[in-house]
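**Q** What shape does this take:
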Amino acid sequence: MRIHELRERTDLFEQAVNAFWNQWGSEESYMFYKDCMLNSCKTEEDVPRFYIAVENEKIIGTFAILRNDINSRQDLTPWLACLYVDPEFRGKELGGQFLDTALQEAAQKGYKKLYLATDLDKYYEKYGWIHSTEAFGLGGNPIKIYEKSTVNKHPEIQTQRT
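**A** Residues are numbered from 1 along each chain as shown. Predicted coordinates for the structure are as follows:
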């Protein structure tokens, strides 16, 4: 398995759009995902960035680093979003690898923290993420916000893309 920034693997662009959209989108949001992902491959800005995990030319997981995650905390940036592991590949700590890679990528871009919004309980905590605050979604529903420092406090521990 290898993690790629989407703009490194534009040959898998359509497969990637479908992977993100099938997991996170709705019938009417296909063009939203496609346009956002297309422009992320063209921009020189540090975000947005979409990442795909590929094994045997099949996308088995996704995540993105975005400027915002469509919630009320527009003062926080960047956001980890769209973390997904194909059910066939779960239980192999791929989610943890994606989280580590996202933190490394955010650090390389100069960010000191990475944020995420979730309704999951006890998943991100096991990777050291802190439930720091709440936000509100478009429908007014509360959303848990987590954060994690991108600074490796133990430089002797290195994580690598595989």
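**Q** CA atoms for contacts and neighbours, from now on please.
**A** Noted.
**Q** any idea where the helices of this protein begin and end?
**A** Taking DSSP state H as the criterion, the chain carries its helices at 13-24, 30-42, 94-108.
**Q** isn't residue 64 right up against residue 81?
**A** Yes. At 5.1 Å, residue 64 counts as touching residue 81 under the criterion of C-alpha atoms under 8 Å.
**Q** Which one's more surrounded, these two?
**A** residue 64 (24 against 20; other C-alpha atoms under 10 Å).
**Q** Show the low-confidence segments of this protein, by residue range.
**A** Applying pLDDT under 70 to the chain picks out residues 152-162.
**Q** how close does residue 104 get to residue 84?
**A** 18 Å (C-alpha to C-alpha, to the nearest Å).
**Q** just to revisit the earlier point, could the helices of the chain go into JSON lines alongside distance to residue 77 and mean neighbour count?
**A** Converted to JSON lines, the helices of the chain look like this (distance: least, C-alpha to C-alpha, whole Å; neighbours: other C-alpha atoms under 10 Å):
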{"stretch": "helix 13-24", "distance to residue 77": "20", "mean neighbour count": "18"}
{"stretch": "helix 30-42", "distance to residue 77": "16", "mean neighbour count": "16"}
{"stretch": "helix 94-108", "distance to residue 77": "10", "mean neighbour count": "19"}
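**Q** With residue 122 as the reference, name the closest of those.
**A** helix 94-108 (13.3 Å; C-alpha to C-alpha).
**Q** so what secondary structure elements neighbour the closest one?
**A** Using 3 or more C-alpha pairs under 8 Å, 6 or more residues apart in numbering; DSSP states H and E, the elements in contact with helix 94-108 are strand 58-66, strand 79-85, strand 113-118.
**Q** For the longest one, output the C-alpha coordinates as PDB.
**A** Written as PDB, here are the backbone C-alpha positions of strand 58-66 (Å, rounded to 0.1, in the frame of the first residue of the first chain):
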ATOM      1  CA  LYS A  58      -7.100   0.100  -6.400                       C
ATOM      2  CA  ILE A  59      -7.900   2.900  -4.100                       C
ATOM      3  CA  ILE A  60      -8.300   1.400  -0.600                       C
ATOM      4  CA  GLY A  61      -8.500   4.600   1.500                       C
ATOM      5  CA  THR A  62      -8.800   8.300   1.400                       C
ATOM      6  CA  PHE A  63      -8.300  11.500   3.400                       C
ATOM      7  CA  ALA A  64      -8.000  15.200   2.700                       C
ATOM      8  CA  ILE A  65      -6.400  18.300   4.200                       C
ATOM      9  CA  LEU A  66      -8.800  21.200   3.700                       C
END
